[in-house]
Structures are given as C-alpha cells and as structure tokens.
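> Could you work out the structure for the sequence below:
(chains A, B, C and D)
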There are 2 protein chains.
Amino acid sequence: MRKADKVTVDVISQKAGVSTATVSRVLNDSPLVHPKTKRKVLRIVQELNYVPNALARNLSLNRTDTIGAILPWVASGFYSELLRGVDDVARAAGYHIILGICHDREQGPELALKYIREQRTDGLIILDPVLDEPILDEIRRQNVPFVLIDRTVPSQHVNTIMIDDFNGARNMTRHLIEEGYQNILFITGDLQSYDARERLRGYQEAIEESQLAQKKELVIESNFTREDVVPKIAKYVEKNLLPDAIFCSNDEMALGVYRYLLENDYKIPDDVALAGFDGIDTIDFLGITTAKIPMHDLGAAAARLLVDQLVKGRSGGDTPALQPQKVMLQTELLIRKSTLNPKKAAKLVENGPIQTKLVGEKRREPLL
Amino acid sequence: MRKADKVTVDVISQKAGVSTATVSRVLNDSPLVHPKTKRKVLRIVQELNYVPNALARNLSLNRTDTIGAILPWVASGFYSELLRGVDDVARAAGYHIILGICHDREQGPELALKYIREQRTDGLIILDPVLDEPILDEIRRQNVPFVLIDRTVPSQHVNTIMIDDFNGARNMTRHLIEEGYQNILFITGDLQSYDARERLRGYQEAIEESQLAQKKELVIESNFTREDVVPKIAKYVEKNLLPDAIFCSNDEMALGVYRYLLENDYKIPDDVALAGFDGIDTIDFLGITTAKIPMHDLGAAAARLLVDQLVKGRSGGDTPALQPQKVMLQTELLIRKSTLNPKKAAKLVENGPIQTKLVGEKRREPLL
DNA sequence: TTGAAAGCGCTAACAC
DNA sequence: GTGTTAGCGCTTTCAA
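Residues are numbered from 1 along each chain as shown, chains lettered A, B, ... in the order given. Presented below is the predicted three-dimensional model:
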C-alpha cells in the first residue's frame, strides 16, 4: 500500500473538518460528541473504508487484545479441541489468540516469557506439565495475568484449571477391578509431569482400597507416546505373564498397546482388557474404554478465567485484583467393549442382566 | 508493572550515557557503533533485563512479525497438522502465528479482512475452500501478501498451494477398479468447495477411462461431515443394492459410513469395500484405504511461500515482487485391508502372488 | 560514531 | 462538545 493512500485518523479528521481527538472519540463511542458530528465522521469513515491501525491503538492503550496460548505439540489433534475452547471465549471477548507451540520441553517457558517481555500479549494460557517453579516465579514477576492448565503449584496464588486426573484414574481402576480383573498393569506417562503422577496415584489408591496386592512390577513407566510404549509392553509381556488388563495413562499409549496386542494375536478383552485416558476419537472407534477429558471446556474455562482478569484489570485501574481461582474439571468414564470382562459377562447372563453401563455410542456393534 | 519500573530505551540510554538512537542501533546490530559502546549498552540491557516492546517497535517499522492463519474448524485434528507445518517454518523465520479460526462459512473472509485492515498481520495463509472472487479481490486490494491453500483462482496472480485432489481421487478409483470393483459409489463433499469438485472429477475420469458405465445414481452428495453422510448412505442402501465399493470424498465421511456398515452387519471388504480421502489417524487404525494429504508439508509450503514474500518485501523496498507461485502437492495412496477384494485375492493366490502393494503398517493384522 | 529530533497512528489529559 | 498537545516506545533520517 502506497504511503499516500494510507488512511489514518488524520485523513479522516481533515476530511471531516474536525480534530483527530474527535475522530478518536467517535471511533471509541464516546458519549461526549455531538450526534451530528458523529454521523459526519462515521460517513467519512465509511467512505474511506477506514479501519484503525491496531498497532498504534494498542501502543497507545498499552495493551494488545491478544492472548498467548502456550501448548506442547504432542498428540496434536487432542489439543486442537482445547484451542477451540480457548478461541471460542477469547474471540467473544474481543481477544485474539497468538499461538505458542512449544516443540520440546525447553521452549515452552521461554516462549511464554518472550511473549510477555515483548508485551505481545495481555495474558497467557499455559499448558505445560513440566513448568518448574523458578520459571513460574519469573512469569509471575512480570505481572501479566496467566492461567495454568493441568498443573498445580503448591500453595501459590495462581489461576489454574485442573483435570481431576486422580479421580479419573481411580475410577477407571475401580471399574477394572469391578470387572474382575486382578492383575492390572498400569503404564505411566513421563513422571516428571503432574498429570502422570496424579494418574498413577489414582491407580494405586484404587488398588489399595481393593485389597489387591500392590505389585511393583505391575507399574511400568513410559512417556505418553505411542512409540515409546510398544517396546516396553513387548518386553514386559515377554518377561512376565500377560496381565488381565492394561491401563495406559493416555490414549496414545493405549493405541500403541492396542497395535502390539493385535499384531501378537492377543484378543481384547478376551485375553487382556485395555483402557486408556483422554478420550480421543480413534479410541472411540476402536471400542477402547477411556476416561474422557473435556478438552473444549478446559480451554474455555481457562480463557474465561483469563479474560475475566484482563477485563477487570483494564477497567478499574486499581480495583482489587480477582482472587486466583482453581477450577477442577472431571473426566468421564467411557466404558466400552475393551474392558468388559467376557467371563464376568457370561456369569452375569446366567444370573441376570449385565449391570455395567455402556456409555456413549451405546448400540454400536463392538469393533474388536 | 508499575510505570516507574518499566524499562525502555530511554532508561537504557540514560544509564549507559548514550542516546536512544545508539541503544536502538546496538539492539539492531547496526555495524556503525563502536564496539566499546556496544558492550556497555549490552551490559546494561542484560542488567536491567530489558526486552524491547514489540508493539512500539512494530509501529515504528510498520510491520508485525505476525502471520494470520485463517482456517475452518471442521475436522479439527486434521488441520492441526497443517498448523504445525505453518508454525515450523514461520517460527524459524521469526514470525508468530495469530489464529483465525472461522467457525462457519461467513467468518473466514471477514476475519481475514479484519486482520489485514487492522494491520495486525504482515501476511495471511488462508484455507477456505469457498472463498469467492469478490472477497478475494478485496483481499488483494489491500496489498498484503497472502497464500491460498487448496483453492484455485482462475487466471489470477495468486500464491497457491494445491493438493492434487483430481489425481488422488483418480488413482483411488483406479485402484478400486483394478481390485475388480464395478459398482463404485462415490460420496462427494459439499460441491461448493473446490476440492470436492476436483475429487469428483477424478472419480469420473477414472470411471470413464475404464469403460465402466457412468451411472448417475452412483454419485451422491454429502457435505464432508460424519453426521450428514450416515442418513444418506442409509437411504441409498435401502433404495438400491449395496454397491461393491464406497469411495468417500474424505475420511470423516468414511468414518460415518464405516460405522453405518458395521452397525448393519456388513463386512468390509467382504460385502463392500470402503475408501476415504485425507489420511487421518483413525482411518489408519481401522485399516481403511485412503489418499493421504501431506498436511504438514502443505502448511510448511504455504508458510515458506508467504515468508519469502514478506522477507523480499521488506528488504529491497522496491525489488520486483516475487512471481506468484502455484505449488501442487500429491496425495499418497494408502492401500489397506478395506479395499482388497477377497475374491480377487483368492483368485490370485491360485495363480501366483498378490500384486497389490500394501503401504504403511504392512504387517499389521487387519482390524476389521 | 554518535546525538537530536521527527515520526509511526492512535488516545487522553487538559483547556476552551 | 471540541481542539491542542503530549505522549505510547521504538526507529531513522540528518547533522555533527
């Protein structure tokens, strides 16, 4: 665009025969401008197809109308739901989303800090399970509102949206136990991350309360990825007996295990039951039991919290800041064919109707 | 952050005993500044943990270092791959991504124009199969570089990354024909969109060259969604015979059909073959044949093209603009169990080895 | 090599 | 109600 034909407040003000201040007032719906002037200005604005330069406006107002979303890129499809949630409420509140994809562990915090320091964003939504305290302190020191997703911070005033990983995993394990499985292999995610630890805890709790033996060899550690889990489950099965059931800390790993089992002619759930965690689409199609995380809600809740902060912050100069909140979202246990114990079912049929509730696409033909 | 402790070029320049111009030069690696001064300034910058305000910088430079990515949100997981591709190359070139999710048909163009007019982005990547000419003209008139994905514009100088939908669909259809299927039902996407039309054309072309009869009732129109396709395929099957094979214009619809078939006890591929288009993960796990679109490459190529434009544009003031390019990416035919004709296979076993190449996870146990 | 000063395009005190 | 003017924080001529 030629410099000449760039239309700015100045151009408008001249054409309208008013000052730039008045133009600005009109544009910002100030009440103290004469209707007639307003109309005239608006007409010119229309005519010249004028749109204020966001950069200049923001510099002046010292804000960006932008929210940074810092996310890891594992299981990309999974997080896109979350992003959609964030976008929905952010856009409704007039905020834009700037994407901060951290490709590996180190980049997340770096990116977050960069955005803040450069003042590119008014606030941040951070999903990074391994963010450590020092970094968090550094972020806090910048005095920019932010919301953490699925990550607790001990005793600190931080807005957080949590997933009840503990209960999710406990309920899943209880379900497996109820189905009559006794040797339940649990595959953890990277234990550096909060959610991995919580899910493990949930599993252990359920085992304990059931009086089943806590066998140490029934927990193996992986890292939430499909690739990593396959050799590990292979090695496990070679060394030990096949467990009754395998509970993977996330669906990605469940997919890896699923593939392994099929390739080795193990039938699910006849030879071994399988459960995941997350609720991704593929798992649904394969008829695998999982604990669904409400990703959209997660994003929406985070954005809601952040937007509230931002709006509060910009209205009343010195209104008391909002109390930091912790929101906890529950997972939904989606029971499917992969964990329905055929032996138990057979027995139940003799004795009466099957009690286990099938959730979701109920009447679908089992796929396995 | 208190106004007082906000550190700006001014603060730095004072502490360093130089002018703001010099500080700016140091920050921008200008060669004409004495090494000693430079060192001093950098030390202060370090000490005060100074990071330039992007807003101010950008206003001054009249750019944003930001690329807008306008995408629809259908099949979210699918597009996230693309976004990743865009992000990879954009970030490497120092650009940020601002997300423009258009939730419905109308919002895409609107959003694109808004970003441009507000000068929030230096350039745009637009994936919107139904963008019409007038809007496109309007965008072009803004004189902001942009790249279109999977959308041709007749005889116009526009950067475009295309998918070879035509060949992809033709190859798929040929494959089905080779497998001995004769009644191949084709389910189109929304024919308003370019890719839907191209895929249909590919199908028709393959049918024609094979001398099979072009039966009009073998094409039904849907809209690329899982929900829409189910009643349509149901109605079709009730009215007509079950076709030999069903070729869906995208994987989402293939999933819908898959579910329908299973629920009605049709075996794949024994009763009917099934093929999709896109190459999403779920389809892989279900063992359904598809034509894989290289989403990551698509995004990366688009970003590459755009970044080249931007860099060119900002270096040489008046260097000749880059020629608009059209890049065409090929799909990859992933043949899986769902389209391998059991009858043909049986025959082949009598006569020799099976010739059809299995692509991908070759030795996997068929899932169906 | 460096500094002074004029913008970039908009907003907001303050004065009229 | 409206205009003047001084910023917002940085870059970049132009002069020295």
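> what's in contact with the particular helix or strand that has A:Lys36 in it?
Under the criterion of DSSP states H and E, A:Lys36 resides in helix A:35-48. Here helix A:35-48 makes contact (C-beta atoms under 8 Å, 6 or more residues apart in numbering or on different chains) with A:7, A:11-12, A:15-16, A:18, A:22-23, A:26-27, A:50. Placement of C-beta: from N, CA and C, glycine included.
> Quick check: the two most widely separated of those?
A:Val7 and A:Thr22 (16.3 Å; C-beta to C-beta).
> what about those two, which has more around it?
A:Thr22 (22 against 17; other C-beta atoms under 10 Å in any protein chain shown).
> That one and chain B: what is the separation?
Using C-beta to the nearest C-beta, to the nearest Å, A:Thr22 is found at 21 Å from chain B.
> Determine how far the last residue of stretch A:260-272 lies from the first.
End-to-end distance of stretch A:260-272 (C-alpha to C-alpha, to the nearest Å): 12 Å.
> Indicate whether it makes contact with chain B.
Yes: for stretch A:260-272, a contact with chain B is found by C-beta under 8 Å from any C-beta of the partner chain, at A:262-263, A:265.
> hmm, back to that, buried ones in the helix holding A:Lys36?
Within helix A:35-48, the residues that count as buried by 16 or more other C-beta atoms under 10 Å in any protein chain shown are A:37-38, A:40-42, A:44-45.
> who's in contact with A:Gly168?
Contacts of A:Gly168 by C-beta under 8 Å, 6+ apart are A:199, A:202, A:277, A:291, A:293, A:330-331, A:333.
> what helix or strand is the residue in chain A that chain B sits nearest to on?
Going by C-beta to the nearest C-beta, chain B is nearest to A:Gly77 of chain A, at 2.7 Å. According to DSSP H and E, A:Gly77 maps onto helix A:76-92.
> Please report how far A:Ala54 lies from B:Tyr115.
9 Å (C-beta to C-beta, to the nearest Å).
> Include distance to B:Glu221 and pLDDT when you put the buried residues of helix A:35-48 into JSON lines, please.
As requested, the buried residues of helix A:35-48 are exported to JSON lines (distance: C-beta to C-beta, whole Å; pLDDT from 0 to 100):
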{"residue": "A:Thr37", "distance to B:Glu221": "54", "pLDDT": "93"}
{"residue": "A:Lys38", "distance to B:Glu221": "49", "pLDDT": "93"}
{"residue": "A:Lys40", "distance to B:Glu221": "51", "pLDDT": "93"}
{"residue": "A:Val41", "distance to B:Glu221": "49", "pLDDT": "94"}
{"residue": "A:Leu42", "distance to B:Glu221": "44", "pLDDT": "94"}
{"residue": "A:Ile44", "distance to B:Glu221": "47", "pLDDT": "94"}
{"residue": "A:Val45", "distance to B:Glu221": "43", "pLDDT": "94"}
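> quick one: which of those residues is nearest B:His103?
Distances from B:His103 to those, taken by C-beta to C-beta, are shortest for A:Val45, at 27.5 Å.
> what about that closest one, distance to B:Phe247?
Applying C-beta to C-beta, the value for A:Val45 to B:Phe247 is 52 Å.
> before we move on, what about A:Met295?
For A:Met295, the distance to B:Phe247 (C-beta to C-beta) stands at 32 Å.
> okay, these two: which has more neighbours?
Using other C-beta under 10 Å as the criterion, A:Met295 and B:Phe247 rank with B:Phe247 on top: 33 against 21.
> And the contacts of the helix or strand A:Tyr258 falls within?
Assigned by DSSP H and E, A:Tyr258 belongs to helix A:251-263. Identification of contacts with helix A:251-263 by C-beta under 8 Å, 6+ apart yields A:74-75, A:78, A:187, A:189, A:222, A:224-230, A:233-234, A:246, A:248, A:268, A:271-272, A:274-280, A:282-283, A:286, A:288, A:290, B:285, B:361, B:363-365, B:367.
> From these, which land in helices?
Secondary structure from DSSP state H places A:78, A:226-230, A:233-234, A:282-283, B:285 of the contacts of helix A:251-263 in helices.
> which of those sit farthest apart?
Farthest pair in the ones in helices among the contacts of helix A:251-263, by C-beta to C-beta: A:Phe78 and A:Ala234, 24.7 Å.
> Settle it for me: which of these two has more neighbours?
Of the pair A:Phe78 and A:Ala234, A:Phe78 is the one with more neighbours under other C-beta under 10 Å, namely 20 against 14.
> Chain neighbours aside, what residue packs nearest to the more buried one?
Taking C-beta to C-beta, 6 or more residues apart in numbering or on different chains, and ignoring the residues beside it in sequence, A:Phe78 has A:Ile280 as its nearest neighbour in space, at 5.5 Å.
> A:Gly77 is in contact with that neighbour, correct?
Yes: at 6.8 Å, A:Ile280 and A:Gly77 qualify as touching, with contact defined as C-beta atoms under 8 Å.
> These two: who's more crowded?
Using other C-beta under 10 Å as the criterion, A:Ile280 and A:Gly77 rank with A:Ile280 on top: 26 against 19.
> got the phi/psi numbers for that one?
A:Ile280 adopts backbone torsions of phi -80, psi 160, taken as degrees, to the nearest 10.
> what's the distance between it and DNA strand D?
For A:Ile280, the distance to DNA strand D equals 43 Å [C-beta to the nearest atom of the strand, to the nearest Å].
> Show the pLDDT at that residue.
We note a pLDDT of 92 for A:Ile280 in this prediction.
> May I have the residues that are in contact with it?
Taking C-beta under 8 Å, 6+ apart as the criterion, A:Ile280 is in contact with A:75, A:77-78, A:251-252, A:290.
> Which two of the residues you listed have the greatest separation?
Maximum distance among these (C-beta to C-beta): 14.6 Å, for A:Gly77 and A:Thr290.
> before we move on, the earlier item: columns distance to B:Arg91 on top of the ones in helices among the contacts of helix A:251-263, output as TSV?
Output for the ones in helices among the contacts of helix A:251-263, formatted as TSV (distance: C-beta to C-beta, whole Å):
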residue	distance to B:Arg91
A:Phe78	21
A:Arg226	25
A:Glu227	24
A:Asp228	26
A:Val229	29
A:Val230	31
A:Ile233	35
A:Ala234	36
A:Thr282	28
A:Ile283	31
B:Phe285	31
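> Include distance to DNA strand D when you put these into TSV, please.
Converted to TSV, the ones in helices among the contacts of helix A:251-263 look like this (distance: C-beta to the nearest atom of the strand, whole Å):
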residue	distance to DNA strand D
A:Phe78	38
A:Arg226	44
A:Glu227	43
A:Asp228	44
A:Val229	47
A:Val230	50
A:Ile233	53
A:Ala234	55
A:Thr282	47
A:Ile283	48
B:Phe285	50
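> who wins for most neighbours among the residues you listed?
Ranking the ones in helices among the contacts of helix A:251-263 using other C-beta under 10 Å puts A:Ile283 first, with 29 neighbours.
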